[in-house]
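Chemist: my questions concern the predicted model and sequence given below.
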Amino acid sequence: MRFLLVAAFCSSLLCALPTVAAEKPNVVVIMADDLGYGDLSAYGATAFQTPHIDRLAAGGRRFTSGYSTASTCTPTRYSFLTGSYAFRRKGTGIAPPNGHLVVPPDAVTVADLARTAGYRTAVIGKWHLGLGAEGKGPDWNGSIAPGPREIGFDYNFLLPTTNDRVPQVFVEGDRVVGLDPRDPLWVGDRIPSPDHPTGISHRDTLKLNWSHGHNGTIHNGISRIGFYTGGHAARFRDEDLADAWAAKADAWLEGNRSQPFFLFLASHDLHVPRMPHERFQGKSGLGFRADSILQLDWQVGELMKSLDRLGLTEKTLIVLCSDNGPVMDDGYQDSALEKRGSHRAAGPYRGGKYSVFEGGTRTPFITYWKGRIAPGVSDEVVSTIDLAASFAALTGTPLPDDACVDSVDVSGVLLGTPGARGRKELVQQDNGGSGNFGFRAGSWKLVRSDSRFAHNLVVEERLARTPVPPYQLFDLSQDPYESTDVLARHPEKGEELKARLAAIIAAGRSR
Ligand code: NG6
Ligand code: CA
């Protein structure tokens, strides 16, 4: 597939038939983790300030209907990279510690498209898309390939899973960084020996106690999902993750400043375990969850500093987004709920992470390109799945018909072109496999709940499971919180949306 892409690109060069003058800005996608609609002062938070991100919002486009494609991490990242809904492919739910790479190596990814356009490509930060071949998973002591380099990235510096899962090591290229071969790294889902200390056997020694799950191997005083031994010299401290991303991004940008580049900067903030650097601990007054937001904001400021220092700010399109909506207690007792005061992480929306209500996927979404994007607020609907087709359009890169099958070109909207329109309809998925979907068309919102349960209270309570009817209809223009089901009042609208959603699912593509 990659060969075909290159061939298509070369033949268009030979024919010299570019129809539009392509713009080739550098592109940086900053994807925050579990950042909710209400979690930034640019989006109405008043309990603390996020000045660096607010600066992007004030100088760029701030979207009020920007969405992550799913309400958990792995499927949103899968969809961002492949431009295809994760529910179309089995095994794209939250990836386990030893999970294999869930993006098929022959898929055309957003990174492939950038490469085709002559960009250098990198991913720095949280991966959580699995590593290694199907049926095998990562070889932690050898090569972890296939990984990012097999799906379009020239460079990677990764937290392989998510930091509440083992192991706490960085992966650069296809190797674990700093691994001592005399102390091999073993990762598994069973306790390796009866005397292996865990969050259960050594709970009283933990610096951050768990609330559910997360009681396997202990590292840095925090017990995790899964077990590991060895690799001690390679292990990082949770507190140092943001500094590592900032330093690696700065170095990579410096080394790649002279040709167009695409950087996927995937912060771990504010995913659990929330353990920001000591200099942020206690800063917000709302506990480590909000302290992690301040750390995320700092990281955005550092990126801006790097771009300014390298003279790249006016040549770089920045997209700031989230991978899913917010959650308070996601497995550790960090008092997020108790200390939140008046702060509402999902803003005016219902639900959060794991949910197909708006709070699960409607998240901060900002585009910034100094001197190119006119500042303003946009109510147009855009989703992280659209970045692939939009970047392809922006760089004049041909998008093969069978690639990125659910990605819509919203480049005009991202750049703030007057009169440009966003999505007419939007599918919202949860972790996948439940049959639960949200479907937004204009200001109508259909909620389909095949599982008959909705994680609609996770922001308020711990993973509460509330029974719901198979379909509900909401009018977001009157009822943004999705509190009043109007299906009985608008049966025709309900039938229309049900049929359209079913057709999109059945068709295997929506572009
Ligand atoms: C869930 C975990 C949660 C978090 C999530 C992934 C339990 C009970 N819950 O299974 O803590 O790790 O997976 O989050 O273990 S995500 O943002 O990476 O999708
Ligand atoms: Ca997440």
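Modeler: Yes, it's here. Ligands and ions are numbered 1, 2, ... in the order given.
Chemist: now the stretch 151-300 of the chain against ligand 2: closest residue?
Modeler: Ranked by CB to the ion, the top residue of the stretch 151-300 of the chain for proximity to ligand 2 is residue 271, at 5.5 Å. In this view, the C-beta of every residue, glycine as well, is placed from N, C-alpha and C.
Chemist: does the helix or strand containing residue 158 come close to ligand 2?
Modeler: Counting by DSSP states H and E, the element that carries residue 158 is strand 155-159. No - using CB under 5 Å from the ion, strand 155-159 stays clear of ligand 2, coming no nearer than 12.4 Å.
Chemist: what lines up beside that strand in the sheet?
Modeler: strand 120-126 (parallel), strand 171-172 (antiparallel) (DSSP bridges).
Chemist: nearest residue to the residue of the stretch 151-300 of the chain closest to ligand 2 other than its sequence neighbours?
Modeler: The shortest distance from residue 271 to any non-neighbouring residue, by CB to CB, 6 or more residues apart in numbering, is to residue 33 (4.0 Å).
Chemist: distance of that neighbour from ligand 1?
Modeler: Distance from residue 33 to ligand 1, counting by CB to the nearest ligand atom, to the nearest Å: 6 Å.
Chemist: counting neighbours, what do you get for that residue?
Modeler: For residue 33, the neighbour count with other CB atoms under 10 Å is 25.
Chemist: and what of the one 5 residues further on?
Modeler: A total of 24 residues lie near residue 38 under the criterion other CB under 10 Å.
Chemist: would you confirm that it contacts residue 345?
Modeler: Yes - applying CB atoms under 8 Å, one finds residue 38 in contact with residue 345, separated by 5.5 Å.
Chemist: shared neighbours, these two?
Modeler: The contact sets of residue 38 and residue 345 overlap at residue 326 (CB atoms under 8 Å, 6 or more residues apart in numbering).
Chemist: from residue 330, how far off is whatever residue of the stretch 51-200 of the chain ends up closest to ligand 2?
Modeler: Ranked by CB to the ion, the top residue of the stretch 51-200 of the chain for proximity to ligand 2 is residue 73, at 3.5 Å. To residue 330, residue 73 is 11 Å away according to CB to CB, to the nearest Å.
Chemist: so what's in contact with these two at the same time?
Modeler: What both residue 73 and residue 330 touch, as defined by CB under 8 Å, 6+ apart, is the set 34, 271.
Chemist: find the centremost residue of this structure, please.
Modeler: residue 323 (2.7 Å; CA atoms, centre = their mean).
Chemist: dump the residue contacts of the residue lying closest to that one once chain neighbours are set aside.
Modeler: Excluding the flanking residues, the one nearest residue 323 by CB to CB, 6+ apart is residue 76, at 4.4 Å. Residue 76 makes contact with 68-70, 86, 323-324, 384, according to CB under 8 Å, 6+ apart.
Chemist: what's the angle between the helix or strand where residue 76 lies and strand 120-126?
Modeler: Using DSSP H and E, residue 76 falls within helix 73-82. Inter-element angle recorded for helix 73-82 and strand 120-126: 170 degrees (by axes from the mean of the first three to the mean of the last three CA atoms, to 10 degrees).
Chemist: next SSE after helix 73-82?
Modeler: By DSSP H and E, the next helix or strand past helix 73-82 is helix 110-116.
Chemist: packing partners for that following helix?
Modeler: helix 2-15, helix 73-82, strand 120-126, strand 261-266, helix 387-395 (3 or more CB pairs under 8 Å, 6 or more residues apart in numbering; DSSP states H and E).
Chemist: sorry, back to before: residues in contact with the strand holding residue 158?
Modeler: By CB under 8 Å, 6+ apart, strand 155-159 touches 120-127, 147-149, 170-173, 177, 241, 244-245, 248, 252, 268.
Chemist: mind checking pLDDT for residue 194?
Modeler: In the prediction, the pLDDT value recorded for residue 194 is 97.
Chemist: that one is in what secondary structure piece?
Modeler: Using DSSP H and E, no helix or strand contains residue 194.
Chemist: could you check how far it is from ligand 1?
Modeler: 23 Å.
Chemist: what's the local residue count around residue 376?
Modeler: Neighbours around residue 376, by other CB under 10 Å: 11.
Chemist: sorry, wrong one. I was asking about residue 491.
Modeler: Neighbours of residue 491 using other CB under 10 Å come to 11.
Chemist: ok, it to residue 449 distance?
Modeler: 18 Å.
Chemist: can you check residue 299 too?
Modeler: Taking CB to CB, one finds residue 299 at 36 Å from residue 449.
Chemist: who's more crowded, those two?
Modeler: residue 299 (25 against 22).
Chemist: thought the more buried one was touching residue 242?
Modeler: Yes - counting by CB under 8 Å, residue 299 does reach residue 242; the two are 5.2 Å apart.
Chemist: give me the angle between the helix holding residue 76 and strand 261-266.
Modeler: 170 degrees.
Chemist: make a markdown table out of the contacts of residue 76 and add secondary structure, distance to residue 101 and pLDDT.
Modeler: What follows is these, written out as a markdown table (DSSP: H, G, I helix; E, B strand; the rest coil; distance: CB to CB, whole Å; pLDDT from 0 to 100):
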| residue | secondary structure | distance to residue 101 | pLDDT |
| --- | --- | --- | --- |
| 68 | coil | 21 | 98 |
| 69 | coil | 19 | 98 |
| 70 | strand | 18 | 98 |
| 86 | helix | 14 | 98 |
| 323 | coil | 18 | 98 |
| 324 | coil | 20 | 98 |
| 384 | helix | 19 | 98 |
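Chemist: format those as TSV; extra columns: distance to residue 425.
Modeler: Listed next are these as TSV, based on distance: CB to CB, whole Å:
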residue	distance to residue 425
68	17
69	13
70	16
86	18
323	22
324	20
384	16
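Chemist: can you pull out the helices in the stretch 201-350 of the chain?
Modeler: Assigned by DSSP state H, counting those that start in this stretch, the helices in the stretch 201-350 of the chain fall at 241-255, 288-309.
Chemist: closest to ligand 1 out of the ones you listed?
Modeler: helix 288-309 (13.1 Å; CB to the nearest ligand atom).
Chemist: that closest one and ligand 1 in contact?
Modeler: No - residues of helix 288-309 contacting ligand 1 under CB under 6 Å from any ligand atom: none, with a closest distance of 13.1 Å.
Chemist: what packs against that helix?
Modeler: The contact analysis (3+ CB pairs under 8 Å, 6+ apart) places helix 288-309 against strand 26-32, helix 51-59, helix 241-255, strand 316-322.
Chemist: for the second one, list the C-alpha coordinates in CSV.
Modeler: This points to helix 51-59. Output in CSV follows, covering the C-alpha atoms of helix 51-59 (Å, rounded to 0.1, in the frame of the first residue of the first chain):
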residue,chain,number,x,y,z
PRO,A,51,-2.2,30.2,30.3
HIS,A,52,-0.1,28.5,27.6
ILE,A,53,-3.0,26.6,26.1
ASP,A,54,-5.2,29.7,26.5
ARG,A,55,-2.7,31.5,24.3
LEU,A,56,-3.2,29.0,21.5
ALA,A,57,-6.9,29.2,21.9
ALA,A,58,-6.9,33.1,21.9
GLY,A,59,-4.6,33.2,18.9
